[in-house]
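Student: Test case, fold it:
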Amino acid sequence: MSRIVVLGAGIGGIAMAYELRSVVGRKADITVVSNTEWFHFVPSNPWVSVGWREAKDIKVHLPETLGKYGIKFSAAGATKLLPAENKLVLGDGSEMEYDYLVIATGPDLAFDEIEGLGPQGHSSSICHVDHAEEMNRKWEAFCADPGPMVVGAVQGASCFGPAYEFALIANADLRKRKVRDKVPMTFVTSEPYIGHLGLGGVGDTKSQLESLMRDRDIKWITNAKVERVTEEAVEVVEFNEDGSEKKRHTLPSKLNMFIPGFRGVNCMMDETGKGIEGLCNPRGFVLVDDYQRNPTFKNVYAVGVCVAIPPVEQTPVPVGVPKTGYMIESMVAAVGRNILHQIEGREPTDRPTLNAVCLADFGDSGVAFVALPQIPPRNVNWSGEGYWVHLAKVGFEKYFLRKVRSGSGEPGYERVVLKALGIERLKN
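Tutor: Below is the predicted model of the structure:
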């Protein structure tokens, strides 16, 4: 019986484990390895940060849940990956061998690359549920004694939607508390323009997001590189389109939240601090071919944020490419079938569509976009806004958590959203 290990237990890892159980069935022994016993629904973190959700609402205990479906689980984490030897070194010192490996770790959060950035410094994060809980404690204190606020995504970030979500959800919550007038807010982003999203914009996201932020009295700085975060301020360098320095800003801040730069997790790195040769790029993101398989190690696949995808275009400040839930679902479906093909002695044939669907909730409104494919030029290039996006995001949260708890292999909620928007289902 083939031994398949899924490294990571986030949205990609859990979806991958269930997909493998559904597609491969009992032809394989499936084990999920994570550094925590808990799954949490990352897209809900902005709500947790302002107290609209509690952490327990978006968490699922994995050992008992996965065990119901014959999927083994280890919370020891991995400290080293040895792809040439087909094994992992786990956090408890033991080794785990595999016939096939699917890497779904998500990113390491590179707070240390900017002085004062991150929960251990002078800024907050919503990238992890623990960070969001800590942000909520700061949020309550801030609302009792408000002041200037800075929100954004730093150089090297590759997930911009949550930064916009937090800024606009924070705005909505401050208005509910009737203290918005006491909070000057600035949005700082490495994007070349508002609504770029690491995708070169989708549909009319530039004008839509600019209009939403203008209506809500949120100022912005684009082409921005965050140099330092202190207790009292955020120091930012703004660049021109040609990459030359335009202006330096010192933004007073009593509370701030930044999406950090991303890189590969520690077990993807070699002794020099660069990604494992042949497996990863220097930043530690996993190299894959058209079938989501690593070109060097033919029994290793990757899905989700840990996958290396080159930027859409060159920008004055480095901007990464996001991996949305619909894209991850497409990767997961392709990998499940390709591993089955290999087990049966055939070559992989399935390719992910790499389309992007995003629901960004702003509390009292929201923006949705569809990019088919994600990288331009596109067959579908659409964006829309309205309160319906908020309702759709709430529905997505409930649907996915139910899916994790039930072990369902049914199509994802975002595919349902596509149908509701009148966009035909695309072949994975």
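Student: which sections of the stretch 1-150 of the chain are below the confidence cut-off?
Tutor: Along the stretch 1-150 of the chain, no part satisfies pLDDT under 70.
Student: ok, which stretches of it are strands?
Tutor: Secondary structure of the stretch 1-150 of the chain (DSSP state E, counting those that start in this stretch): strands at 2-7, 28-33, 38-40, 59-61, 72-74, 78-82, 87-90, 95-97, 100-103, 108-109, 149-153.
Student: and what of the stretch 251-400 of the chain?
Tutor: Here the stretch 251-400 of the chain has its strands, by DSSP E, counting those that start in this stretch, at 255-259, 262-263, 300-302, 356-361, 366-372, 380-385.
Student: Out of those, which gets nearest to Arg26?
Tutor: Closest approach to Arg26 among the strands of the stretch 251-400 of the chain is made by strand 300-302 (20.2 Å; CB to CB). (C-beta placed from N, C-alpha, C; glycine too.)
Student: Would you mind pulling up the elements that that closest one packs against?
Tutor: Where contact means 3 or more CB pairs under 8 Å, 6 or more residues apart in numbering; DSSP states H and E, strand 300-302 is packed against strand 100-103, helix 325-343.
Student: All the helices of the chain, residue numbers only.
Tutor: Taking DSSP state H as the criterion, the chain carries its helices at 11-23, 45-49, 62-67, 129-144, 161-176, 205-215, 325-343, 387-406, 413-420.
Student: so of those, which one's packed in deepest?
Tutor: Highest mean neighbour count of the helices of the chain: helix 45-49, a mean of 27 (counted as mean count of other CB atoms under 10 Å).
Student: ok, residues contacting it?
Tutor: Under the contact criterion CB atoms under 8 Å, 6 or more residues apart in numbering, helix 45-49 has outside partners 53-55, 58, 124, 126-129, 131-133, 135-136, 139, 162, 165-166, 169, 257, 361.
Student: Same check on stretch 197-207?
Tutor: Outside stretch 197-207, the residues that touch it by CB under 8 Å, 6+ apart are 157-161, 191, 193-196, 311-313, 319-322, 356, 358, 367, 369-371, 374-376, 381-384.
Student: could you flag which of the residues you listed are buried?
Tutor: Among those, those buried by neighbour count (16 or more other CB atoms under 10 Å) are 157-161, 191, 193-196, 312, 319-322, 356, 358, 367, 369-371, 374-375, 381-383.
Student: I'd assumed Phe41 was in contact with Leu401.
Tutor: Yes. Here Leu401 reaches Phe41: they are 5.8 Å apart, a contact under CB atoms under 8 Å.
Student: Overlap of the contact sets of those two?
Tutor: Ile58.
Student: now Glu302, nearest residue through space, not along the chain?
Tutor: Slight slip there: residue 302 is Ala, not Glu. Once flanking residues are discounted, Ala302 sits nearest to Val286: 3.8 Å by CB to CB, 6 or more residues apart in numbering.
Student: still on that earlier bit, mean pLDDT added to the strands of the stretch 251-400 of the chain, as TSV?
Tutor: Below are the strands of the stretch 251-400 of the chain laid out as TSV (pLDDT from 0 to 100):
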stretch	mean pLDDT
strand 255-259	98
strand 262-263	96
strand 300-302	98
strand 356-361	90
strand 366-372	92
strand 380-385	92
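Student: Indicate which one of the ones you listed is closest to Asp29.
Tutor: Per CB to CB, nearest to Asp29 of the strands of the stretch 251-400 of the chain: strand 300-302, 16.6 Å.
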